[in-house]
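Asker: everything below, folded, please.
(one chain, ligands or ions: 1)
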Amino acid sequence: MERDQNIMPKFNYLRPAVDAAKQMRTPFYFYDMELLRKTLETIKQLTADRRFKVHYAIKANGNPQIISEIAKYGIGADLVSGGEINAAAKAGFAPANMNFSGVGKTDWEIRTGLEYGIGCFNVESVPELEVINEIAGEMEKTARIAIRVNPDIDAHTHHYVTTGTADNKFGINIDILDQVIEQTLNLPHLHLSGLHFHIGSQITDMQPYSMLCETVNRLIDEYEQRGIHFEIINVGGGLGIDYHHPDEHPLPELETYFNIFKENLHLRPYQELHFELGRAIVASCGSLISRVVYVKENRNKQFVILDAGMNDLIRPALYNAYHEVQNITSREQKTEKYDVVGPVCESSDVFVHDHVMPLTRRGDLVAIRSAGAYCESMASTYNMRPIPPSFYHFGI
Ligand code: LLP
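Answerer: Residues are numbered from 1 along each chain as shown. So this is what the prediction gives:
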């Protein structure tokens, strides 16, 4: 069903994806490794002369090729499961640069972390502190921990990805922090190394980060006066990207973001500032490449039906998220309005509603952009559809 498979000149940077589609079955994830490297290089430059340490949140994309590339830049890893700890070690991340977060760490996962000697457990509750202490004692080790504080800051993002407000399950409420720190200091197999925060994801308004800096400054001051010195301050991740204009803004606002912390957070000479960025590192470098199977007309709508579905890219169905959908091979001048949908038997299997695209026909190739974060890593085999393969473009 392939039509003329020449790319539209304005999508030239996706030419390797069009070439790949001549040899491999669609859908597939296309990764622009050059853009990934550029993003990592920018992060490296912006953090080089500061005590800033970036950890990549592997949950955003755990693809082995991607994480091995990221590990080469000396970046650390932010992990949320035993599976991720093993994958990070295999990809070459140094255990000392691994942080382990999550509200439900199980005994085997804690043991795995201790066996590797990971840098820090970000602890989310008192029962978890007790269990890590007990297991570390059994293994004759000391666990370095940071307490995850819920700072009660609204990150102004989708409610499914807001994590720093008082009514969600994450972290320890700031009003009981004193008591929890007391308890930690009495547990012999724990070393309290810092405080951890994470206020949400896909944050594009920088004001919540300034508020976070104020809270952090206040806590550092208060505890320093009582003789408690935190070596690590971890401000989590969450920096958003521009899903609406992937071509105009291929890189996130990294400079503005790091400057907020440089200017507002009063880091002490003995402290390191940790960041846990996921989406900002990988989202833009990925696209899901799919082929139009049918174009169908109902009374009021035209549907473009793709061979990719919500199982390959669930964000629109789950969060109502927007991803730019581009017909990259149509040569038509005329445009039409389409609902671009997948083949899965669920009404929510829609990528975008009422989307204006050039006249689209069976066989055209479509790119669903900004698919490098939380797409492959959230893919499922629902409807017994295989997980799509990946194609990596390393530049010329
Ligand atoms: N640190 C912690 C403790 C986190 O929970 C997360 C993400 C991150 C760092 C990385 O956040 P990022 O920099 O990627 O925003 N599946 C959702 C996003 C869930 C984020 C969960 N936590 C989505 O597709 O939008």
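Asker: what residues are up against the residue of the stretch 251-396 of the chain found nearest the ligand?
Answerer: Closest contact between the stretch 251-396 of the chain and the ligand, by CB to the nearest ligand atom, is at residue 278 (2.6 Å). Every C-beta, even on glycine, is put in place using the N, C-alpha and C of the backbone. Listed by CB atoms under 8 Å, 6 or more residues apart in numbering, the contact partners of residue 278 are 56-61, 78, 201, 237, 373-374.
Asker: same question, residue 317
Answerer: Contacts of residue 317 (CB under 8 Å, 6+ apart): 310, 346, 348-350.
Asker: is it within a helix or a strand, and which one?
Answerer: helix 315-319 (DSSP states H and E).
Asker: give me the sheet partners of the helix or strand just after that helix and which way each runs.
Answerer: Counting by DSSP H and E, the next helix or strand C-terminal to helix 315-319 is strand 325-327. Sheet pairing here is set by DSSP bridges, and for strand 325-327 it gives strand 365-368 (antiparallel).
Asker: near the ligand at all, the strand it pairs with?
Answerer: No. Legend: contact between strand 365-368 and the ligand by CB under 6 Å from any ligand atom is lacking; minimum distance shown is 13.5 Å.
Asker: and for that strand, what are the contacting residues?
Answerer: Applying CB under 8 Å, 6+ apart, the contact partners of strand 365-368 are 5, 11, 14, 17-18, 21, 26, 30, 287-292, 304, 306, 308, 313, 323-329, 340, 351, 360.
Asker: now do 6 Å
Answerer: 14, 21, 287-291, 313, 323, 325-329 (CB atoms under 6 Å, 6 or more residues apart in numbering).
Asker: stretch 279-286 now?
Answerer: Residues contacting stretch 279-286 (CB under 6 Å, 6+ apart): 29, 31-32, 35-36, 39, 56, 60-61, 239, 241, 250, 252, 370-373.
Asker: alpha carbons of that stretch, as PDB, please.
Answerer: The C-alpha trace of stretch 279-286 is given here as PDB (Å, rounded to 0.1, in the frame of the first residue of the first chain):
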ATOM      1  CA  ARG A 279      11.200  14.000  29.600                       C
ATOM      2  CA  ALA A 280      13.400  17.000  29.000                       C
ATOM      3  CA  ILE A 281      16.300  14.700  28.000                       C
ATOM      4  CA  VAL A 282      14.500  12.200  25.700                       C
ATOM      5  CA  ALA A 283      11.100  13.400  24.600                       C
ATOM      6  CA  SER A 284      12.100  15.500  21.500                       C
ATOM      7  CA  CYS A 285      14.400  12.900  20.000                       C
ATOM      8  CA  GLY A 286      11.700  10.300  19.400                       C
END
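Asker: tally of neighbours for residue 41?
Answerer: Counted with other CB atoms under 10 Å, residues neighbouring residue 41 total 11.
Asker: helices and strands around the host helix or strand of it, which ones?
Answerer: Using DSSP H and E, the element containing residue 41 is helix 33-47. Helix 33-47 sits against helix 254-264, with contacts defined as 3 or more CB pairs under 6 Å, 6 or more residues apart in numbering; DSSP states H and E.
Asker: now the helix ranked longest in the chain: buried residues?
Answerer: The longest helix of the chain (DSSP state H) is helix 207-225. Under the neighbour-count criterion of 16 or more other CB atoms under 10 Å, helix 207-225 has 208-209, 211-213, 215-216, 219-220, 223 buried.
Asker: could you pick out which of those are near the ligand?
Answerer: Answer for those near the ligand: none qualify (CB under 6 Å from any ligand atom).
Asker: residues in the stretch 251-396 of the chain within reach of the ligand, list them.
Answerer: Going by CB under 6 Å from any ligand atom, the residues of the stretch 251-396 of the chain near the ligand are 276-280, 315, 319, 374.
Asker: what would these look like in CSV with pLDDT?
Answerer: Formatted as CSV, these follow (pLDDT from 0 to 100):
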residue, pLDDT
276, 98
277, 98
278, 98
279, 98
280, 98
315, 98
319, 96
374, 98
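Asker: sort out for me which of the residues you listed are in strands.
Answerer: When those are checked against strands (DSSP state E), the matches are 276-277.
Asker: any idea how many residues pack against residue 249?
Answerer: Count around residue 249 with other CB under 10 Å applied: 14.
Asker: report how many residues lie close to the closest residue to it other than its chain neighbours.
Answerer: Leaving aside its chain neighbours, residue 249 sits nearest to residue 242 (4.0 Å; criterion: CB to CB, 6 or more residues apart in numbering). When counting by other CB under 10 Å, one arrives at 18 neighbours for residue 242.
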